[in-house]
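Peer 1: Output the structure for:
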Amino acid sequence: MSTFQPAARDRPADTVAGFLAALAMVGGAVAAVVRPVTIGLLAILIAFIATGLAERNQRLAAAGVAIAAGGFLTGMIVSVITSRPLW
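Peer 2: Below is the predicted model of the structure:
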C-alpha cells in the first residue's frame, strides 16, 4: 500500500529570494535607462542578497545578478557616450 507524500514546501527565505531576484532584474532594466550608478549598484546588492538566501531558486538568483550587472554596464556605457549624469 502506498502512502501519499506531501510536496516539499518552500522555505520563506526561498520565496523572499525569488522576489528579491525579480526586483533586482527590474532594477537592472531601469538602471540601463535612468541612473546607472545609484539604481544599478543597489540592484546588484539586492541580487547578491537574493543569491545568499536562495536554496531552490538558485538559477533565478543567478539570472538576477546577471541582468542587474548587465543593466548597470549598459547604463554606464550609454551615460558616458551621451554625456548624461551618472548619479
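Peer 1: what's in contact with the lengthiest helix in the chain?
Peer 2: Criterion DSSP state H: the longest helix present in the chain is helix 58-82. Applying CB atoms under 8 Å, 6 or more residues apart in numbering, the external contacts of helix 58-82 come out as 17-18, 20-22, 24-25, 27-37, 39-41, 43-44, 46-48, 50-51, 53-54, 84-86. Glycine gets a C-beta too; all of them are placed from N, C-alpha and C.
Peer 1: Of the residues you listed, grab the buried ones for PyMOL.
Peer 2: Burial among these is assessed by 16 or more other CB atoms under 10 Å; the matching PyMOL selection reads:
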select buried, resi 17+18+20+21+22+24+25+27+28+29+30+31+32+36+39+40+43+44+46+47+48+50+51+53+54
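Peer 1: Can you flag which of the contacts of helix 58-82 belong to helices?
Peer 2: The members of the contacts of helix 58-82 that map onto helices under DSSP H are 17-18, 20-22, 24-25, 27-31, 41, 43-44, 46-48, 50-51, 53.
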